[in-house]
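**Student:** Just need the structure, nothing else, for what follows:
(2 chains)
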Amino acid sequence: MSGSPQQPATAQTTGRSVVVFSDDVHLDRVAMTAALRSLAEVATVVATSDADDGALDGDALASADVITFDALGVAVVAREPGELAASLAATGAGAGIVSVEPEHVLHAIVVEQPAARAEFSDDDAFTWGLRATRVDASSATGQGIRIAVLDTGLDFAHPDFAGRAITSRSFVTGLPVDDGHGHGTHCAGTAAGPARPGQGRRYGIASQATLFVGRVLDDSGAGADAGILAGIDWAITNGCRIISLSLGGDVRTVSTAYETVGRRALAAGALIVAAAGNNADRRRGDPGFVGIPANSPSIMAVAAVDSDLRIAEFSAAGNPVAGGAVDLAAPGVAVYSAWPMPRRTNTISGTSQATPHVAGIAALWSQVTGDTANALWATVVGAARRLDLPAADAGAGLVQAPGSASL
Amino acid sequence: MASAGPDVRVTVTVADSALAEIEQLAGRLRRAGMAVDAVLGAIGIITGSVASARLASIRTLPGVAAVEEQTTFQIAPPDADVQ
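**Tutor:** All right, here's what the predicted structure looks like:
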């Protein structure tokens, strides 16, 4: 597609004219040339029908006084359009000529590619994800909001959670709630870590939310429905408004259990947020699909973007089943957060890391607006920053925290 | 019970109309041969295990909306880049 985006008054012209012939002389080269000669002295006339294949080369187009495009019934004439138009009006000899217009210079419509520089980066004060989601500029803390992270547990010896009132329970038979993996501590850190960690930049969002840690995955990161559903039941019973699930299975079909649970959670005032899944391999052209439980219509599915706000290589795209869409995107590449001691922090990637960004920010919004469940869902999605990405990949866009003026 | 087939872990979704009597439904599931692990009243779910040959019969019990085999989830190991 090409054309000039400029207004005619300011469009560039060449000084030549475009003459359009009437339908009755169109295709009749002799009649077209005669009509032109009645308007102006023209020497060199070349026609597309002279060329072997009907196409004129650039030299011929540049040097001729007149070029007739026989098949179109159009000629380009090396005369000012005003001169030709005046002649046309004066002689009345325009029989066979419909119009004389200036020849314009047209430009291909080029879409500017986004600059290949990082939009956000970790700095001394904040992770790139807290910058991108504007948590850095939010005065909300999630105070008074109960948020549940159901994962591999938490490192209760971590200094960044010292002195924090945390309610916890293991739903994995024979295992304590202490994190033997790291994933759960990382997710809890992003969702609800402190505003001022003991060292390093801030990575936690709802720093004063009341944290509920349910262990539903074992030290290898495995867990079955029984423990996950028991964790959700526990969180709802305890009045959690947000339940963060950084887990998923590569199953396209919606589970009746998870969809029903998502709906009942909303009815009870709790919003379940789940990872869209890491089953895409976008470099090889595979967009993956949102699996269970995030593919349930009443569970929010979260995709991962990088610090350039591009979709992550691994981030699953919407699945055509009802509810299989991605709802929101959040930082999920090179995410710095808490990790079991002695390591203290770790930087990892996944839709698992994007999910607690949404959970923490939902807690901020719930504190600010009082919204819960479906109203909270609408508020969080409505506040998203639109991204230059397909909705199938990133849903409504990048999750954003409430501003400092909201409280 | 060799003829009843191997046990499968299941998630039973309780129908909206039966939420108020979820404990009674758990009793009916037990009598139908299901080993009930948990009755989750807040979300209307009953988890447990049952011989595969009895799956069809527990699906038809009044108050049961769905019976699904449990899914096992697996996240990546701690040293993986993508989790």
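**Student:** three-state assignment of residue B:49?
**Tutor:** Here residue B:49 is strand, with the state taken from DSSP: H, G, I helix; E, B strand; the rest coil.
**Student:** What's the end-to-end length of stretch A:182-199?
**Tutor:** One end of stretch A:182-199 to the other measures 19 Å (Cα to Cα, to the nearest Å).
**Student:** Correction: the previous question concerned stretch A:204-220.
**Tutor:** End-to-end for stretch A:204-220, by Cα to Cα: 25 Å.
**Student:** so where's the chain uncertain?
**Tutor:** Went with chain A since none was named. Applying pLDDT under 70 to chain A flags the ranges A:1-11, A:43, A:49, A:52, A:54, A:60, A:92-94, A:109-118, A:405-407.
**Student:** that's the wrong chain, I wanted chain B
**Tutor:** Along chain B, the model assigns pLDDT under 70 to residues B:1-3.
**Student:** can you give me the helices for it?
**Tutor:** For chain B, helices defined by DSSP state H occupy the ranges B:22-31, B:55-59.
**Student:** Just the buried residues of the shortest one, please?
**Tutor:** Applying a neighbour-count criterion of 16 or more other Cβ atoms under 10 Å in any protein chain shown, one finds B:55, B:58 buried in helix B:55-59. Backbone N, C-alpha and C define where each C-beta goes, glycine included.
**Student:** Residue A:91 is nearest to which of the helices of chain B?
**Tutor:** Relative to residue A:91, the nearest member of the helices of chain B by Cβ to Cβ is helix B:55-59, separated by 91.8 Å.
**Student:** Contacts (any at all) between chain A and that closest one?
**Tutor:** No: on the criterion Cβ under 8 Å from any Cβ of the partner chain, helix B:55-59 is out of touch with chain A, staying 11.3 Å away.
**Student:** and that helix, what other elements does it pack with?
**Tutor:** Applying 3 or more Cβ pairs under 8 Å, 6 or more residues apart in numbering or on different chains; DSSP states H and E, one finds that helix B:55-59 contacts strand B:7-14, strand B:64-69.
**Student:** Packed most tightly, which of the ones you listed would that be?
**Tutor:** Highest mean neighbour count of the helices and strands packed on helix B:55-59: strand B:7-14, a mean of 23 (counted as mean count of other Cβ atoms under 10 Å in any protein chain shown).
**Student:** what packs against that strand?
**Tutor:** Strand B:7-14 packs on helix A:225-237, helix A:256-267, helix B:22-31, strand B:45-51, helix B:55-59, strand B:64-69, going by 3+ Cβ pairs under 8 Å, 6+ apart.
**Student:** Could I get the helices of chain B in TSV, plus columns for distance to residue A:148?
**Tutor:** Output for these, formatted as TSV (distance: least, Cβ to Cβ, whole Å):
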stretch	distance to residue A:148
helix B:22-31	22
helix B:55-59	30
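**Student:** So for residue B:45, which of those sits nearest?
**Tutor:** Taking Cβ to Cβ, helix B:22-31 is the member of these nearest to residue B:45, at 8.9 Å.
**Student:** At the contact with chain A, which residues of chain B appear?
**Tutor:** Counting by Cβ under 8 Å from any Cβ, chain B sits next to chain A at B:9, B:11, B:13, B:37-38, B:40-45, B:47, B:65-66, B:68, B:70-78, B:80-83.
**Student:** how about a cut-off of 7 Å?
**Tutor:** Within chain B, the positions adjacent to chain A are B:9, B:11, B:13, B:37-38, B:40, B:42-45, B:47, B:65-66, B:68, B:70-78, B:81-83 by Cβ under 7 Å from any Cβ of the partner chain.
**Student:** With that, I have no additional questions.
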